[in-house]
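Undergrad: After the sequence you'll find the predicted model.
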Amino acid sequence: MVSRAEAGQDAVFAALASPLRRQLLDLLRAGERNAGELAAAFDVSRPAVSQHLAVLQHADLVAERKSGRHRVYALRAAPLRSVGDWLGPYEDFWTERLDALGRHLRGRHGDPAAEERGR
Amino acid sequence: MHRRGDTIRIQREYPYPVEAVWSALVDPAQLAEWLMPNDFRAAVGHRFTFRTKPRPGFDGVVHCEVLALDAPDLLRYSWRGGPMTEPSIVTWELSATAAGCRVVLRHENLAQNVYSWFVGRTLRLGWGGLLRRKLPAAVARRAAPAS
């Protein structure tokens, strides 16, 4: 039995597995683009680009809205948060560095507990 | 240690006077010993870098700018490195306690980097490994962003 969250993650992973779809997301990172602008950036047919956009929409990585005659696409970063513990590496990094700060202080100013015992 | 939204907050206490800890945060030579080699200067507006060993997906340079400075209890700088597209903000707050010095570190504004983090990470690990594991969190913990 696959939970809804897991199904959502599978869709995100599947969507990100294509280099062209990752390039589409890269373009959208700079701001909204309409279908024509996106298609113009690639060497593949416009229907092919539309299909890729549909996969991204299915994974909720891209939102579509209509603006006059155009379909405009925007990046949605929220699903990426669900697939990765993206703060984790920063926490690990700072935890390690704060330990190193403690060692540095002890090396430079001595061990206060040891001085206490020596008194 | 806790998170709220896009912020990491870690609190520590060191058995040394606030001034000793402060100088470890603003003296480039000391910073190099426990954080990274740098050209930091204690002046608001000063742009500097932390440099570490490059590796795939990270050129080893963290770009920073001193945003606030109030010796000996507040230091804030921007922090942009690796796959980050926008600067994040690192804040150090020091206060005296009976036992020495309390240090509160906050790393904020990481939200806009979630996508670039993800891409950078997956570029490094390879899609195959990522898809097989299905748990990027566990994978991600193996590498700090800038150590």
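TA: Perfect, thanks for sending it. Bear in mind the structure is a predicted one, so any value in this text is a computation, not a measurement.
Undergrad: Output the below-cut-off pLDDT ranges for chain A.
TA: Across chain A, the ranges flagged by pLDDT under 70 are A:1-10, A:13, A:80-87, A:113-119.
Undergrad: and stretch A:51-63, how far out from the chain's middle?
TA: Centroid separation for stretch A:51-63 versus its chain: 15 Å, with Cα atoms, centre = their mean, to the nearest Å.
Undergrad: State which helix of chain A is the longest.
TA: Of all segments of type helix in chain A, defined using DSSP state H, the longest is helix A:88-109.
Undergrad: ok, the nearest residue to A:Leu101 once chain neighbours are set aside - contacts?
TA: What sits nearest to A:Leu101 in space, not counting adjacent residues and going by Cβ to Cβ, 6 or more residues apart in numbering or on different chains, is B:Trp34, at 4.7 Å. Yep, even glycine has a C-beta here, placed from its N, CA and C like the rest. When contacts are counted by Cβ atoms under 8 Å, 6 or more residues apart in numbering or on different chains, B:Trp34 is found next to A:Arg97, A:Ala100, A:Leu101, A:Arg103, A:His104, B:Ala24.
Undergrad: Could you measure from B:Trp34 over to A:Gly88?
TA: According to Cβ to Cβ, to the nearest Å, B:Trp34 stands 21 Å off from A:Gly88.
Undergrad: B:Asp39 now?
TA: Using Cβ to Cβ, which is the criterion applied here, B:Asp39 is 29 Å from A:Gly88.
Undergrad: ok, now B:Thr52?
TA: 19 Å.
Undergrad: ok, now A:Leu20?
TA: In terms of Cβ to Cβ, A:Leu20 sits 29 Å off from A:Gly88.
Undergrad: try A:Pro79
TA: Counting by Cβ to Cβ, the gap from A:Pro79 to A:Gly88 is 17 Å.
Undergrad: Next: B:Arg12.
TA: Shown here: B:Arg12 relative to A:Gly88, a distance of 19 Å by Cβ to Cβ.
Undergrad: And the strands in chain A, which stretches?
TA: Taking DSSP state E, the strands of chain A run over residues A:33-34, A:62-67, A:70-75.
Undergrad: low-confidence ranges in chain B?
TA: B:1-6, B:56-57, B:82-83, B:85, B:111-147.
Undergrad: what secondary structure does the residue nearest to A:Glu91 when sequence neighbours are not counted sit in?
TA: With sequence-adjacent residues excluded and distances taken as Cβ to Cβ, 6+ apart, A:Glu91 is closest to B:Ile8, at 5.4 Å. Following DSSP: H, G, I helix; E, B strand; the rest coil, we place B:Ile8 in the strand state.
Undergrad: Count the neighbours of B:Ile8 for me.
TA: By other Cβ atoms under 10 Å in any protein chain shown, the residues close to B:Ile8 number 22.
Undergrad: Over to the one 3 residues further on?
TA: Residues near B:Gln11, counting by other Cβ under 10 Å, number 13.
Undergrad: which SSE is it in?
TA: Taking DSSP states H and E as the criterion, B:Gln11 maps to strand B:7-14.
Undergrad: List the contacts of that strand.
TA: Contacts with strand B:7-14, where a contact means Cβ under 8 Å, 6+ apart, come from A:87, A:90-91, A:94-95, A:98, A:101-102, A:105, B:1-3, B:21, B:97, B:99-110.
Undergrad: quick one: it to helix A:88-109, angle?
TA: Between the axis of strand B:7-14 and that of helix A:88-109 there is an angle of 20 degrees, by axes from the mean of the first three to the mean of the last three Cα atoms, to 10 degrees.
Undergrad: Would you tell me what the next helix or strand after strand B:7-14 is?
TA: On the C-terminal side of strand B:7-14, the nearest following helix or strand under DSSP H and E is helix B:18-26.
Undergrad: Now the next helix or strand after that following helix: buried residues?
TA: Helices and strands here follow DSSP H and E; after helix B:18-26, the next one along the chain is helix B:28-34. Counting neighbours by 16 or more other Cβ atoms under 10 Å in any protein chain shown, one finds that the buried residues in helix B:28-34 are B:Gln30, B:Leu31, B:Glu33, B:Trp34.
Undergrad: returning to what we had before: with A:Ser45 as the reference, measure out to the residue nearest to A:Leu101.
TA: If you measure B:Trp34 against A:Ser45 using Cβ to Cβ, the figure is 55 Å.
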